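>>> Sharing a model prediction with you, sequence too.
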Amino acid sequence: MKISASIYSDKKRSLPEVIQDLINHQVDLLHVDCNDDLSVFEDIKTIRTLCDIPIDLHVITEYPSKYYKLLEENPVEYITFQYEDLKEELNIPSSVTGQKGIAVITPTNVNIFKGYNNFDFILIMATIPGQSGGKFDAVNFGKIRSFRNNFPGKAIHVDGGVNAEVSFILRNMGVASSVSGSFLFNAPSIGDALLSLTKREVESHFAVKDFMIPLEDVPNVQSQNISLENVLKSIEKGRLGFTLVVDEDNGMKGLVSNADVRRALLNHLDDLNSVPGQELINENPVSIEEDATVNEMLQMIKRSSFPISYLPVVDQNGFAKGIVTFVNLIKGEL
């Protein structure tokens, strides 16, 4: 996940000083907020004389057309317009280069992206736009999942309240870029903040249930219907490499991964139709309670003697509530 440094969050230093510090720490992107202020393009011109770090421009305006010519003359790598403020149709001309995104605040449904399907990404505002130091609203974890499910080919950017813990969760959810402002510049140094935003051990303020994939979105097979055919269909439909096994009340009965299927098939190569459904199930997968903190989850993974790719989530009575997967986190660490 790329870190986009919000350059106006540093109120104490000049723009060249801020940019030089970010250059020295090899930040990924420079986030430039434009609250209907055309003068930011003077800052963009200054930035271009100082470095070639990609610029991530977020424009809040009622009339985006007045920015098109300036964007043609001063191209940026990422240009985002705020959805809620628009009073004219957003028709960015092809002469404006760079990836294009639409930003939405927390109450706005991400399905508005259907009207911008030719755009490259969505920017989810997790706090009030323009409010420095706001707290990340956990409801946005659900918005990220919803957007990922409905627009799988599009990237997700997040702005607001991104600290070390939120950054870890966002990386795990496959977010492409997160904006960091007050957290980045209020730390002892930018280097300290960047290390915190990419480290694996974090303090916990969110529970696993805040960001897990809920059971209704998890591939699962009821234990009374377990068979090789049903398991394979569930794994294929879910496209996550596993399926949960639950009883009719959603009691957790186990997990079947691609590896479990492979082992069962190897044991019955002489007659694949004879594979018993029960033999497919890992009846004792490592699981975690929904109220566990991020730090408790990480400590559990550390203690495991084998790699954990899927972590079923249960309530205190052992009923399945969802799952946490680590595929996106592994990709993000490469």
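Yep, that arrived.
>>> where's Glu73 relative to Glu88, distance?
Using CB to CB, to the nearest Å, Glu73 is found at 21 Å from Glu88. C-beta: built from backbone N, CA, C; applies to glycine.
>>> And for Ser9?
Counting by CB to CB - Ser9 and Glu88 are separated by 30 Å.
>>> Of the two, which one has the most company?
Neighbour totals were compared for Ser9 and Glu88, and Ser9 leads with 19 against 11 (other CB atoms under 10 Å).
>>> From the contact counts, what lies against the host helix or strand of Gly254?
Assigned by DSSP states H and E, Gly254 falls within strand 252-257. Helices and strands touching strand 252-257, by 3 or more CB pairs under 8 Å, 6 or more residues apart in numbering; DSSP states H and E, are strand 242-246, strand 310-314.
>>> That one relative to strand 242-246, how many degrees between them?
Orientation check (axes from the mean of the first three to the mean of the last three CA atoms, to 10 degrees): strand 252-257 against strand 242-246 gives 160 degrees.
>>> Other residues contacting strand 252-257?
Applying CB atoms under 8 Å, 6 or more residues apart in numbering, the contact partners of strand 252-257 are 221, 223, 231, 235, 241-247, 280-285, 287, 309-310, 312, 314, 318-320.
>>> Next up, the contacts around the residue nearest to Ser234 when sequence neighbours are not counted.
Excluding the flanking residues, the one nearest Ser234 by CB to CB, 6 or more residues apart in numbering is Thr243, at 4.0 Å. The contact partners of Thr243, taken as CB under 8 Å, 6+ apart, are Pro219, Asn220, Val221, Val231, Ser234, Ile235, Leu255, Val256.
>>> so which of these comes closest to Asn35?
For the contacts of Thr243, the closest approach to Asn35 (CB to CB) belongs to Pro219, at 43.9 Å.
>>> Surely the closest one is in contact with Gly241?
No: between Pro219 and Gly241 there is no contact under CB atoms under 8 Å: 9.4 Å.
>>> how far is the strand holding Gly254 from where the chain is centred?
Remark: strand 252-257 is offset 26 Å from the chain centroid, using CA atoms, centre = their mean, to the nearest Å.
>>> Which parts of the stretch 201-334 of the chain are helices?
All helices of the stretch 201-334 of the chain, identified by DSSP state H, counting those that start in this stretch, fall at 208-211, 228-238, 258-266, 294-303, 327-333.
>>> on contacts alone, who are the packing partners of the fourth one?
Going back to what we said before, that points to helix 294-303. Against helix 294-303 (3+ CB pairs under 8 Å, 6+ apart) you get helix 164-172, strand 288-289.
>>> could you point out which element follows the first one?
When you say that, I think you mean helix 164-172. Next helix or strand after helix 164-172 toward the C-terminus (DSSP H and E): strand 177-180.
>>> For that next one, list the C-alpha coordinates in CSV.
The C-alpha trace of strand 177-180 is given here as CSV (Å, rounded to 0.1, in the frame of the first residue of the first chain):
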residue,chain,number,x,y,z
SER,A,177,-3.1,4.0,-1.2
SER,A,178,-3.8,5.8,2.1
VAL,A,179,-3.4,9.5,2.8
SER,A,180,-1.5,10.4,6.0
